[in-house]
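Asks: here's my sequence, what's the structure:
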Amino acid sequence: MLSKPHAQPGILTRVPGSTEACVTELDGRRVIAVFSNPGQQRGAFREDDGAKIARAAVLAKENRLPLVLVLSTSGASISDGVSALASWGRAARAISDISGIVPILIGLTGPAISGPALLLGLADIVIGTIDSYAYVSGPAMVEEFTGVKTSAAELGGSHALASRSGVLCAEVTDGTEILESITEVLSYLPDSTDSLPERIADDDDPDRICEGLAHIIPESATGSYDVRAIVEQIADNGDYLELRGKWAPQLVTSLARIGGRSIGIIANQPQAMAGTLDIQASQKGARFVRFCSAFNLPLVTLVDTPGFLPGKDIEWRGMIRHGAELAFSYAACTVPRICVIMRKAYGGAYIVMDSKGMGSDLVFAWPQAEIAVMGAQGATQILMRRASDEERLAYQAKYQETYLTPWIAAERGFVDAVIDPISTRSEINAGLDILASKRERIRPSKHANSPL
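Replies: Numbers count the residues shown, from 1 in each chain. As a prediction, the model looks like this:
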């Protein structure tokens, strides 16, 4: 059973429907909240419900407070007919109108079916219980149109939403943990885009030396390691909150603090697909970059990627568009940005992972960083394709020694400093201090045409 926080009455008028809207507090943070009542027609959306969500969104915008929705809905009410359909459309428009202005967080405690399920896609953060599920077209319709039998859990259960579609940022056991998780996320965020996240007093020295980073990169060029160990080393007290950890695991996105400041960290994960970027990883990264930019979270990018994932199928499915989506998000990002190149940074993937060319404010590199168009083996196969085996091996060794270093990039201004890995936390903290007053001019057009 979901335990709702104590609501402050008299702010939002109660009207019939399957939802209740109020102003409440989560660990001292005031939020505009909407709670489903699944006991009424399994939470079916009636005309009044959309009106309440829309009104809640307007109040969130006017008062610059986060919007929290805890939903369990069987879809639009059949008895209300087209009025119910128009109702959730009105709610979707109101939520879209406040996107990027105040944080929008949804907790899914049961089903979200048909049109109202799309509200999940409009939220910044979605957290679901393990028994929740969501889909636009249900198992019966899937079987009718495709002949494939499936269940609600297989089609849109929490595991599928977290690992296959990326709708859920995290899974929890029950409604109480939903509110706890939402509260934790809010602790890293400001109330709105007009303010900065609260800086937390912490006794972890921001200039702490991270001895564990001295030998974390394997000697072998193909050796693997868990990049989350690096995130843990540089974060205050080793604490961080990973989002969408089960989806596109070759890219890690998390919230953390350095020197008490809330930051977003995006990092290639060599343990999964060698850290290559594919369509899902590009979407995940782009969404996270925009989220951080909207809510004034400085962005730290940890780079170790050999490039984009090659393949005919992935190209046909739009790797160009989705790779451009990640580049577009970084290019439009206005918060302080610090990039740390730890090992491989090849080709187009190097560029889109917040390189200097994309507008990164500070770019650091570890001494073992390899910044190049491609790796030594690939370059040798192209440039020395007519040479003997001995000549190719000699050229590959020379290429490795000459080009796969951070020094050429540093000489040309694409890397600001080559740093000792153990001083990474200290260098990032110093960079954040310098960039604290960063301001960028907002473009005059009403919106850009992003490569969705």
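
Asks: what about residue 283, which helix or strand?
Replies: If you go by DSSP states H and E, residue 283 is part of helix 279-294.

Asks: what helices or strands is that helix leaning on?
Replies: Contacts defined by 3 or more CB pairs under 8 Å, 6 or more residues apart in numbering; DSSP states H and E place helix 279-294 against strand 251-258, strand 261-268, strand 299-305, helix 319-332. (C-beta placed from N, C-alpha, C; glycine too.)

Asks: is it true that residue 192 lies in a strand?
Replies: No. Counting by DSSP: H, G, I helix; E, B strand; the rest coil, residue 192 falls outside a strand, being coil.

Asks: quick one: contacts for it?
Replies: Applying CB atoms under 8 Å, 6 or more residues apart in numbering to residue 192 gives the contacts 64, 65, 66, 101, 102, 103.

Asks: with neighbour count, distance to residue 232 and secondary structure added, can I get these in a markdown table?
Replies: As requested, the contacts of residue 192 are arranged in a markdown table below (neighbours: other CB atoms under 10 Å; distance: CB to CB, whole Å; DSSP: H, G, I helix; E, B strand; the rest coil):
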| residue | neighbour count | distance to residue 232 | secondary structure |
| --- | --- | --- | --- |
| 64 | 15 | 33 | coil |
| 65 | 20 | 32 | coil |
| 66 | 26 | 27 | coil |
| 101 | 17 | 32 | coil |
| 102 | 27 | 30 | coil |
| 103 | 28 | 25 | coil |
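
Asks: residue contacts, the nearest residue to residue 139 once chain neighbours are set aside?
Replies: Counting by CB to CB, 6 or more residues apart in numbering, residue 150 is the residue found nearest to residue 139 once chain neighbours are left out, at 5.0 Å. Applying CB under 8 Å, 6+ apart to residue 150 gives the contacts 139, 142, 143.

Asks: how about the second one, what does it touch?
Replies: The one in question is residue 142. For residue 142, the contact set (CB under 8 Å, 6+ apart) comprises 148, 150, 155.

Asks: number of residues surrounding the last one?
Replies: So the one you mean is residue 155. 17 (other CB atoms under 10 Å).

Asks: what comes up buried for stretch 270-283?
Replies: 270, 272-283 (16 or more other CB atoms under 10 Å).

Asks: first-to-last residue distance for it?
Replies: Using CA to CA, to the nearest Å, the end-to-end distance of stretch 270-283 comes to 18 Å.

Asks: again with stretch 239-247
Replies: End-to-end for stretch 239-247, by CA to CA: 21 Å.

Asks: just the residues contacting stretch 389-396, thanks.
Replies: 376, 377, 379, 380, 381, 383, 384, 387.

Asks: what about 7 Å?
Replies: 376, 377, 380, 384, 387 (CB atoms under 7 Å, 6 or more residues apart in numbering).
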